Each structure stands twice: as C-alpha cells, then as structure tokens.
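>>> Take a look and give me a structure for this.
(chains A and B)
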Amino acid sequence: MNDFRVVADAIDCAAFRDSIVDRGCGGYVQFEGWVRDHNEGREVLRLEYEVYEPLAVKEGRRIIGEAIERFGVRGARALHRCGLLELTDVAVVVGVASPHRGEAFAACRYIIDEIKHRLPIWKKEHYADGEAHWVRCDRCAAPGHMHSR
Amino acid sequence: MNVQVSYFAAFREAAGVATERIDTASVTAAALFDECAGRHPALQRYSASLVAINDEMSPWDTALAEGDEVLFFPPVAGG
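Purely as a prediction, here's the structure:
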C-alpha cells in the first residue's frame, strides 16, 4: 500500500483513496495538485511534465518511507503524472492515513514538499501567447544568475 | 576515461542532444559539467543544480570513474 509511482494516464482520485482505506485509521488527508490557468501573470494553457523515472521512483519511495517513520502514520501513497496535462488535471496526489488527524496532516505536507524539492521532475508551461518555458530554469537563466552547487 | 552524459529538460534543449559519450580528463562531476558547457555553448548560461551518477544523487565534487553514467539535472519543478 505504501508506494510512490509515476503514471502516464489520468489519476482517479477516488480509486486512489480507496486503495488506502484502513479500519485502524480515524484520519485521512489527501492533497491534489492541479494544473492552474496562470503563473506569474501569464495565462497558462497546458503543462508538460518530464520525469526521470528510475530516480524519481527511488527517491519518491524514500520520501514515503521517511514520512511513515517520522510521523508514525500507517498508510502513505503518492502518484505523479508525466506527459502533457490540461487545465484542472491532477498532476500529483498524496494520501496519508493515520489513527489520528494531526500526524496525517503533517506527513502529507512533508511528502508534497519533499516531492517538489527532491524528485527529478521538470515542468514546462505552455502560454496563451504561444511561448513555452521550463519552470524554475528559463526564468533564472539570465546572465549572471548562478545556481548553488 | 570514457563516460556517458545525459541531459534533461532545459539542459537537453540547450545541448541539442539527450545523451552522449565523452572521453574526458575531468576529475569531478563539476569539472565535467564545465567541459560539456564548452562543447555546447548554450549550456554556458546555466549552472546545473543537481547531478546523479549511476542513478544516485551525488555531490558535485564526486570523482568520476571509467564507464560512469552522469546525469545533469536543471532545477527541479515537480508537483
């Protein structure tokens, strides 16, 4: 049950929840990340996710394991989409079940934050004006900008 | 030594290739990135934020070995 996967097809959030249901748990927290129609003042038409799957899966499962160990929750799963996504599509879903709600909220927050920071996943935004940019990369590729190594 | 280099997302578009084999004298992953930016000038405006060697995230000062598969990752943006 505790798992991280990269999926190419639309995420069924109800089926995802059902896969985590546990009669020993009284609290369940689910986070869904959606494709939004704007970013930094620009109109967004769709998103493209590129995923380096071997490492994303390995690191994603590590994050799930960390959350279970750190917060003592009973169930934790996450799915991340790859490929082309349209507005309102679910890009990522995280579900955490626990005997009590506090740990479930904390673990869910931990998992989504770590997914965003650690997994080799890149997002390209396609704009209404026809341009497309890699998020967090093209913006900071201005002369003189250096990422820390 | 001979290593395989792979570029992802913005790096792949800047380099114009996804994967290439390189005979290099670079000792570390950081030096290899600088060497690759010399081969593909469009990479020079970037400084890579993450590197993986043989499918493990690795520090930039990691010493390279013959046959290593080196993956250069631009800043990630999942979620």
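>>> Let me see the contact set for the residue most central in space within chain B.
In chain B, the residue lying closest to the centroid (CA atoms, centre = their mean) is B:F72, at 3.7 Å. Counting by CB atoms under 8 Å, 6 or more residues apart in numbering or on different chains, B:F72 touches B:V5, B:S6, B:Y7, B:F8, B:F11, B:F33, B:C36, B:A48, B:V51. Heads up, the C-betas are built off the backbone N, CA and C, glycines and all.
>>> For these, pick the one with the most neighbours.
Among the contacts of B:F72, the one with the most neighbours (other CB atoms under 10 Å in any protein chain shown) is B:F11, at 26 neighbours.
>>> tell me the SS of that residue?
helix (DSSP: H, G, I helix; E, B strand; the rest coil).
>>> Which SSE is immediately downstream of the longest helix seen in chain B?
If you go by DSSP state H, chain B has its longest helix at helix B:29-39. Next along the chain after helix B:29-39, taking DSSP states H and E as the criterion, comes strand B:50-53.
>>> So which elements touch that next one?
helix B:29-39, strand B:56-58, strand B:69-73 (3 or more CB pairs under 8 Å, 6 or more residues apart in numbering or on different chains; DSSP states H and E).
>>> please redo it, this time with the cut-off set to 7 Å
strand B:56-58, strand B:69-73 (3 or more CB pairs under 7 Å, 6 or more residues apart in numbering or on different chains; DSSP states H and E).
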